[in-house]
Structures are given as structure tokens and as C-alpha cells.
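K.L.:
fold the following, please.
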Amino acid sequence: MISLSEFNPMGLLLIAALNPVVILVAVLMGRSADQWQKLFVAAFASSLAGVVLIWFVTFAGLMTVSGFGGTGGLLIAQMFFGLLWASGAYFLAHRSG
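P.N.:
Next comes the predicted model:
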């Protein structure tokens, strides 16, 4: 069973980088963005969607969360990875050629 403890930086990074909802929302929003400033909105939205997925998984009992600092760090880490995914999709969709 996956566990998210109070301070587990490798676990936070793995969950944030491989969260399928963060990837899906960031790529879809980044691809349809018409200005680069909207990438930050896509990153924030994908991060919140990822936190909702983690909440549902925790509520279903598939993952345990102990401590207080893990979820805040997860939100920030998912926002960073969401920005990377959204930027990649934006630049692939808007490249000239």
C-alpha cells in the first residue's frame, strides 16, 4: 500500500510526477491555451485535480496519509510538474512549422 508520510520528499516527487490526473489536465489545458500566461492557470488546475484524486484514493483506503505536511508539499510539487506538462503541450501545439 502506498503511504504518504509527513516528510517523505522522494514519495512526494514520485506521486506528483506520476499522477495521471495532473498529466491529463495539464496537457489538455496547456494544449488549448492561447497565451503563455494561461500555463500557470493550467498548472494550478491540474494540481487541484491531482489533490482531489489523492483525496478519493485515500478515502477509498488505497493509500494512507499520516502527518500534516505531506499534502501541502504534494500540492506545490504537483503544481511544478503540472507547469512542466502544460508548457510542453503548449509549445508542441504552438510551434511554427
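K.L.:
all contacts plus neighbour counts: C-alpha atoms, from now on.
P.N.:
OK.
K.L.:
quick one: the helices in this structure?
P.N.:
In the chain, the segments counted as helices under DSSP state H are 9-18, 20-32, 38-59, 69-93.
K.L.:
tell me the most buried of those?
P.N.:
Most buried of the helices of the chain by mean neighbour count (mean count of other Cα atoms under 10 Å) is helix 20-32; its value is a mean of 22.
K.L.:
let's test this: mean pLDDT of that one, rounded?
P.N.:
Mean pLDDT, helix 20-32: 96.
K.L.:
contact partners of that helix?
P.N.:
Residues outside helix 20-32 that contact it (Cα atoms under 8 Å, 6 or more residues apart in numbering): 16, 38-39, 42-43, 45-47, 49-50, 53, 78, 81-83, 85-93.
K.L.:
re the thing from before, lowest average pLDDT across the helices of the chain?
P.N.:
Ranked by mean pLDDT, the helices of the chain bottom out at helix 9-18, with a mean of 86.
K.L.:
run through the neighbouring helices and strands of it.
P.N.:
For helix 9-18, the elements it packs on are helix 69-93, judged by 3 or more Cα pairs under 8 Å, 6 or more residues apart in numbering; DSSP states H and E.
K.L.:
against which helices or strands is the helix it packs on packed?
P.N.:
Where contact means 3+ Cα pairs under 8 Å, 6+ apart, helix 69-93 is packed against helix 9-18, helix 20-32, helix 38-59.
K.L.:
CSV for these, including distance to Thr71?
P.N.:
Formatted as CSV, the helices and strands packed on helix 69-93 follow (distance: least, Cα to Cα, whole Å):
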stretch, distance to Thr71
helix 9-18, 9
helix 20-32, 15
helix 38-59, 8
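K.L.:
let me know which of those helices is the nearest to Val65.
P.N.:
Each of those has some distance to Val65 by Cα to Cα; the shortest is helix 38-59, at 7.1 Å.
K.L.:
now that closest one, how far from the centre of its chain.
P.N.:
Taking the mean of its C-alpha atoms, helix 38-59 sits 6 Å from the chain's own mean (Cα atoms, centre = their mean, to the nearest Å).
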